[in-house]
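**Q** Dropping the sequence and predicted coords here.
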Number of protein chains: 2
Amino acid sequence: MNTKNITSWLNIDANSDFSIHNIPFGIYSGKQVKHRVCSAIGDYIIDLFELESADVFDINRSVFEQEFLNDFIALGKPITNKVRLKLIELLSDTTSILKTNTALFNRVFKKQSEVNMLLPVKIGDYTDFYSSIDHATNIGTMIRDPKNALMPNWKHLPVGYHGRASSICVSGHSFHRPKGQQKPADAELPVFGATKLLDIELETAFIIGKATQMGDSITTANANEHIFGMVLFNDWSARDIQTWEYIPLGPFLAKNFASTVSPWIVTLEALEPFRTEGYVQDPKVLPYLQYSGQKNIDIKLDVFLKPQNGSENKICSSNYKYMYWTMEQQLAHHTVNGCNVNIGDMMASGTISGPSPSEYGSMMELTWRGTKPITLNDGTERKFVNDNDTIIIRGYCQKNNVRVGFGECVGTLLPATI
Amino acid sequence: MNTKNITSWLNIDANSDFSIHNIPFGIYSGKQVKHRVCSAIGDYIIDLFELESADVFDINRSVFEQEFLNDFIALGKPITNKVRLKLIELLSDTTSILKTNTALFNRVFKKQSEVNMLLPVKIGDYTDFYSSIDHATNIGTMIRDPKNALMPNWKHLPVGYHGRASSICVSGHSFHRPKGQQKPADAELPVFGATKLLDIELETAFIIGKATQMGDSITTANANEHIFGMVLFNDWSARDIQTWEYIPLGPFLAKNFASTVSPWIVTLEALEPFRTEGYVQDPKVLPYLQYSGQKNIDIKLDVFLKPQNGSENKICSSNYKYMYWTMEQQLAHHTVNGCNVNIGDMMASGTISGPSPSEYGSMMELTWRGTKPITLNDGTERKFVNDNDTIIIRGYCQKNNVRVGFGECVGTLLPATI
């Protein structure tokens, strides 16, 4: 099916993230619905469990009644891609059962505003990379040496580390400002208290769609078979806790108190039309990291800060195309030692900064460690995130008249508990 | 029930790890049994699903037919402790149904040598600490500065980091020597190949038995409510990969190719009689890390190296009592920022070295980076682990005539794949 110039019989706003070219997957709950697999179009969710009562996909509909997408994803891309294409067909064909059967339509379509979106997958292991060269350069410049901002290994391998899966929450949650040890520069001993430097990290993450066995390696050439799709990701970070704890084994409590993901998994197939060139990798990488073709993706990424009772302030506009290391390279590296991956594993990009200051993906970079505060439209300033601030990440691809977006990734910082 | 001087009507070898004072929990598979919860005594496993056909515990026996212990653990300590004490009673009371009903006995008891032990829990998140002061001092002395071997934060918080859960395997497995990037000291560029410095790390791990919600913190005083029990743990490490990759975000591919755990979870209750004093913590730790009472545990830990077709060589005798940071402190630290924990999460100790060279818990320390090779009883030398070597960790507590042990944690290194 050529879906390029296809349109839906539904009236979809041209600026909707959920065009007929998208058809992402998620899990919703609603009135009398605990959890079901759904897709999205325009302002609607599409209840796939209800839809399969009409036997349109010819698969066991119990897979659409699960708490997470893992079982659906485990059907494999030949099936899940067929489901997505069938949805596109049903939504474009004016003679389709979805269009002609009003009773079915009413059971299947629900307003997005009237349902709750849940965490889309049961996350097994969570990995965070550090793959934006502009971000790594900024951080290295600030905390180490501007002349040697990048560590010697940085251009040879996609630096990554394991993170905490249990505290990854779906968009719409809130959490309390975390406490922990910090060591003020002028103090002899560490102190305990709420973090003073609560930061965001603008990231995306991809979800593993096909498992491997221990000992197997994924190549850059077949990585796409193992990537189901992508989400937006906010890797909240407590910078003062991080500075004190991270040597020599990496970030721990500075990150594991909360992360936020967007609820819709946009499939890799929906993102393919937006592939683009990335940075040239120089020096040349080792053979297992080499790849051919365009493997970056042009995903526009915006970050907004909304104070309590205030309005949104756009604080950053970046793009996923700025990644130095691609998902395919990250996955090839992650498994080159035989490390096995499972369906539902989540692998985040690391902060995605672009080359210009308005494209920096963290408050630490945007305010240059607090030395250049951001003035909001209510006149207040921010060096880092304040209590009761809400951070909203939005992301979308747009090319000609085709738009494929992620929706929102929203989290709110509450004051520390007493 | 006072179990102190209790004995079993079964004839149990005095050197058995699985005395009536132990009663650990695990998962086995065997003839016509895919997976069941079991305990152990002497050379036997005790099939709890079969046993509950006699309704001795008054709980739904389906919990004993699961693939992992998580559902059993989720019943809570009031229940799981009651099950353990009931087993002790059944195994000591000469009038118990297990002793008098031969048909039941024959269905419940199976020779350990005739079953396979499986991974005991579905591991959610896996954390590794770095809590042995002798180990951290040795490593710091070798790779940094003998005068400043410990990092400034080391005595103020239990340094830890997140690891990979997917590649944690149960005792008895084998894996191929992992490949990855290394940068030889004299080379300008990194090279790719099989690790040359494959090491072991003698560790233990504890398993979370009671979950928390995000935002909750566990205290040193109530940590024991959240710890179900302990296992032996071998945190295989590729030192050359680690050296090149770990700055600034910690170990990644150097560790995530494989870890080995022993199959029996020895409950915290079985270990309580072996509590002992640990190192004095100086400087004094922050209030949230302070605790009262004896929180170290006297667990004798031995490591053996067995070449293919060779015999065992004891290469290390250490003890869990050498931990500078206790489990209670590790858990209080891990959650002080509100990080939530789930049943089945595994938290490893970090390499457990003692003060003397024969007590060092890794090859890197035992051979001092390969400068002092170990001579085996077959005359060959080892700087690190060779292909086809098997590493066996054993651990047990012994006090007066009471012995509580872990059994074995066994893993074999196969040659790298071509």
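**A** Okay, I see it.
**Q** Quickly list the domain ranges of chain A.
**A** Domain segmentation of chain A under automatic domain parsing yields A:26-118, A:126-414.
**Q** Select the longest helix from chain A.
**A** helix A:77-92 (DSSP state H).
**Q** Which elements pack onto that helix?
**A** With contacts taken as 3 or more Cβ pairs under 8 Å, 6 or more residues apart in numbering or on different chains; DSSP states H and E, helix A:77-92 sits against strand A:33-41, helix A:97-100, strand A:266-267, helix A:268-271. Where C-beta positions appear, they are placed from N, C-alpha and C, glycine not excepted.
**Q** tell me the most buried of these?
**A** Among those, ranked by average contacts under mean count of other Cβ atoms under 10 Å in any protein chain shown, first place goes to strand A:266-267 (a mean of 26).
**Q** Show the average pLDDT along that one.
**A** Strand A:266-267 shows a mean pLDDT of 99.
**Q** Just give me the neighbour total for residue A:62.
**A** Neighbour count for residue A:62, taken as other Cβ atoms under 10 Å in any protein chain shown: 10.
**Q** what about the longest helix of chain A, average pLDDT?
**A** Rounded mean pLDDT across helix A:77-92 is 98.
**Q** which residues sit against it?
**A** A:1, A:3, A:6-10, A:20-21, A:23, A:25, A:39, A:41, A:46, A:48, A:56-57, A:59, A:72-73, A:96-99, A:209-210, A:225, A:228, A:267, A:269-270 (Cβ atoms under 8 Å, 6 or more residues apart in numbering or on different chains).
**Q** Kindly give a single PyMOL line that selects the buried subset of those.
**A** This is the PyMOL syntax for the buried subset of the contacts of helix A:77-92, where burial follows 16 or more other Cβ atoms under 10 Å in any protein chain shown:
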select buried, chain A and resi 3+6+8+10+20+21+23+25+39+41+46+48+56+57+59+72+73+98+99+209+210+228+267+269+270
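**Q** Inside helices: which ones of the contacts of helix A:77-92?
**A** Going by DSSP H, the helices hold A:48, A:72, A:73, A:97, A:98, A:99, A:225, A:269, A:270 from these.
**Q** So which of the residues you listed is the closest to chain B?
**A** Distance to chain B across these (Cβ to the nearest Cβ) is lowest for residue A:73, with 15.9 Å.
**Q** The closest one and residue B:76, how far apart?
**A** Distance of residue A:73 to residue B:76, computed by Cβ to Cβ, to the nearest Å: 33 Å.
**Q** before we move on, what about residue A:202?
**A** 41 Å.
**Q** For those two, indicate the residue with more neighbours.
**A** Comparing residue A:202 with residue B:76 by other Cβ under 10 Å, the one with more neighbours is residue A:202, at 33 against 13.
**Q** Secondary structure element holding residue A:29?
**A** According to DSSP states H and E, residue A:29 maps onto strand A:26-30.
**Q** strands paired with that strand, and their directions?
**A** Strands adjacent to strand A:26-30 in the sheet, as given by DSSP bridges, are strand A:33-41 (antiparallel), strand A:116-118 (antiparallel).
**Q** list the contacts for the closest residue to chain B within the stretch 1-150 of chain A?
**A** Here the residue of the stretch 1-150 of chain A nearest chain B is residue A:125; by Cβ to the nearest Cβ that distance is 5.2 Å. Taking Cβ under 8 Å, 6+ apart as the criterion, residue A:125 is in contact with A:162, A:165, A:341, A:342, A:345, A:346, B:164, B:165, B:166.
**Q** Show me what the nearest residue to the first one once chain neighbours are set aside is bridged to.
**A** For residue A:162, the nearest residue in space outside its immediate sequence neighbours is residue B:162; the separation is 4.1 Å by Cβ to Cβ, 6 or more residues apart in numbering or on different chains. Under the criterion DSSP bridges, residue B:162 forms beta bridges with residue A:162, residue B:127.
**Q** With just CA atoms, put stretch A:231-238 into PDB.
**A** The C-alpha trace of stretch A:231-238 is given here as PDB (Å, rounded to 0.1, in the frame of the first residue of the first chain):
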ATOM      1  CA  VAL A 231       9.000   8.200  22.500                       C
ATOM      2  CA  LEU A 232       9.900  11.600  24.000                       C
ATOM      3  CA  PHE A 233      11.900  11.400  27.200                       C
ATOM      4  CA  ASN A 234      12.700  13.800  30.000                       C
ATOM      5  CA  ASP A 235      15.700  12.600  32.100                       C
ATOM      6  CA  TRP A 236      15.200  14.800  35.200                       C
ATOM      7  CA  SER A 237      18.600  15.400  36.800                       C
ATOM      8  CA  ALA A 238      19.700  16.800  40.200                       C
END
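**Q** how about the lengthiest strand in chain A, does it reach chain B?
**A** The strand that spans the most residues within chain A, counting by DSSP state E, is strand A:402-414. No - remark: strand A:402-414 sits outside contact range of chain B, by Cβ under 8 Å from any Cβ of the partner chain, the gap being at least 9.0 Å.
**Q** That strand packs against which elements?
**A** The helices and strands touching strand A:402-414, judged by 3+ Cβ pairs under 8 Å, 6+ apart, are strand A:173-176, strand A:227-234, strand A:259-261, strand A:266-267, strand A:390-399.
**Q** what about the ones you listed, which gets the closest to residue A:140?
**A** Proximity to residue A:140 (Cβ to Cβ) singles out strand A:227-234 among those, at 22.0 Å.
**Q** Kindly point out the strands partnered with the closest one and how each is oriented relative to it.
**A** Sheet pairing here is set by DSSP bridges, and for strand A:227-234 it gives strand A:202-208 (antiparallel), strand A:259-261 (antiparallel), strand A:266-267 (antiparallel).
**Q** In space, what's closest to whatever residue of chain A ends up closest to chain B - neighbours in sequence excluded?
**A** Going by Cβ to the nearest Cβ, chain B is nearest to residue A:250 of chain A, at 2.6 Å. Nearest residue to residue A:250 in three dimensions, chain neighbours excluded: residue B:250, at 2.6 Å (Cβ to Cβ, 6+ apart).
**Q** what's the answer for residue A:245, then?
**A** Residue A:245 sits nearest to residue A:252 (Cβ to Cβ, 6+ apart), 5.7 Å away.
**Q** hang on, the earlier thing: give me every residue that touches the residue nearest to residue A:162.
**A** Counting by Cβ under 8 Å, 6+ apart, residue B:162 has contacts A:161, A:162, A:163, A:164, A:252, A:256, B:125, B:126, B:127, B:128.
**Q** repeat that for 10 Å
**A** The contact partners of residue B:162, taken as Cβ atoms under 10 Å, 6 or more residues apart in numbering or on different chains, are A:125-128, A:161-165, A:249-252, A:255-256, B:125-128, B:250.
**Q** Check the gap between it and residue A:343 for me.
**A** Distance from residue B:162 to residue A:343, counting by Cβ to Cβ: 20 Å.
**Q** What of residue A:103?
**A** Using Cβ to Cβ, residue A:103 is found at 35 Å from residue A:343.
**Q** Please list all residues in contact with residue A:363.
**A** By Cβ under 10 Å, 6+ apart, residue A:363 lies in contact with A:197-201, A:237, A:239, A:303, A:305, A:315-316, A:369-370, A:373-374, A:382-385, A:391.
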